[in-house]
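Participant: Sequence first, then the predicted structure, then my questions.
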Amino acid sequence: MIYKQKIEKMISRLRQMGITDERVLKAMRAAPRHRFVPAGLEFQSYDEKALPIGFGQTISHPYTVAVMTQALNIKNGDRILEIGTGSGYQTAVLCELGAQVFTIEKIRAIGQSADKILRELEYQFVSRIGDGTLGWQNYAPYDSIIVTAGAPVIPKNLLQQLKQSGKLLIPLGDADEQILTILIKDNKSYNIIEIEELKFVPLIGKNGW
Ligand code: SAM
């Protein structure tokens, strides 16, 4: 496979950057990132950068996908709601870990393109176009909810759709800087852990920007 060397380079760079979960590294080795970028950008797809996917949106840096996936500590069969399907690459990585993935994208053309690629690659998932800040009540409660865009506040609907001990992973902050934050549901309250500062595109919608 022509990308094999690039994939191995990405994996060893992720290790150097602090990704230690072997299951996450294995999933990222298996999900073909070059399939989720626009034509002509395939050879850059394993570099440590975000790439444009149209409509002002991006496929996240490999490190961003790795650190977010590692933070969720996904087990086989976990029910995961993803807000912001984007290219579909994060969805593929979650599927590789054996999660049941429910994913929402706000921009129709982006969601449709991700669906097509994910189906060609024979991943099993459930998707829809809509405002993910409202969550997806039909399939709730979830073991984890992952928000792949930066939010100004914590969307209440998302917290309500978590299982007990469920995790909401969300970048929180202003337009320039966000802190990747994890909230773990503990009865009626939440334990909050700040992971690190990263840069995301804005979360648009009723409970977003
Ligand atoms: N992890 C994805 C990947 O690797 O391709 C990156 C997703 S991209 C950084 C964020 C996505 O969130 C964009 O496609 C954007 O359209 C979408 N988005 C923003 N606000 C949203 C909302 N309220 N509901 C659903 N999707 C939303």
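Facilitator: Sure, I can see it. Numbering: from 1, shown residues only.
Participant: from here on, contacts and neighbour counts on C-alpha atoms
Facilitator: Will do.
Participant: Grab the longest strand from this protein for me.
Facilitator: strand 162-173 (DSSP state E).
Participant: now the helices for this structure?
Facilitator: Counting by DSSP state H, one finds helices in the chain at the ranges 4-16, 22-30, 62-72, 89-96, 108-120, 156-160.
Participant: tell me the most buried of those?
Facilitator: Neighbour counts (mean count of other C-alpha atoms under 10 Å) averaged over each of those peak at helix 89-96, with a mean of 25.
Participant: Using CSV, write out every CA atom in that helix.
Facilitator: Extracted C-alpha coordinates of helix 89-96, given in CSV (Å, rounded to 0.1, in the frame of the first residue of the first chain):
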residue,chain,number,x,y,z
TYR,A,89,-12.5,10.2,9.7
GLN,A,90,-13.2,10.4,13.4
THR,A,91,-16.4,8.3,12.8
ALA,A,92,-14.2,5.6,11.2
VAL,A,93,-11.7,5.6,14.1
LEU,A,94,-14.6,5.2,16.6
CYS,A,95,-16.0,2.3,14.4
GLU,A,96,-12.6,0.7,14.4
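Participant: and it with the ligand, contact?
Facilitator: Yes - counting by C-alpha under 6 Å from any ligand atom, contacts between helix 89-96 and the ligand involve Y89, Q90.
Participant: quick one: contacts of that helix?
Facilitator: Residues outside helix 89-96 that contact it (C-alpha atoms under 8 Å, 6 or more residues apart in numbering): 24, 27-28, 30-31, 33, 36, 59, 65, 69, 82, 85, 101, 103, 118, 123-125.
Participant: same thing with stretch 117-132?
Facilitator: Against stretch 117-132 from outside (C-alpha under 8 Å, 6+ apart): 35-36, 83-84, 88, 92, 95, 100-108, 111, 115, 204-206.
Participant: Now render the helices of the chain as CSV, adding distance to Y46 and mean pLDDT.
Facilitator: What follows is the helices of the chain, written out as CSV (distance: least, C-alpha to C-alpha, whole Å; pLDDT from 0 to 100):
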stretch, distance to Y46, mean pLDDT
helix 4-16, 6, 98
helix 22-30, 10, 98
helix 62-72, 7, 98
helix 89-96, 12, 98
helix 108-120, 17, 98
helix 156-160, 31, 94
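Participant: Kindly reformat those as JSON lines containing distance to G166.
Facilitator: Converted to JSON lines, these look like this (distance: least, C-alpha to C-alpha, whole Å):
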{"stretch": "helix 4-16", "distance to G166": "26"}
{"stretch": "helix 22-30", "distance to G166": "19"}
{"stretch": "helix 62-72", "distance to G166": "10"}
{"stretch": "helix 89-96", "distance to G166": "16"}
{"stretch": "helix 108-120", "distance to G166": "26"}
{"stretch": "helix 156-160", "distance to G166": "9"}
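Participant: Many thanks, we can stop here.
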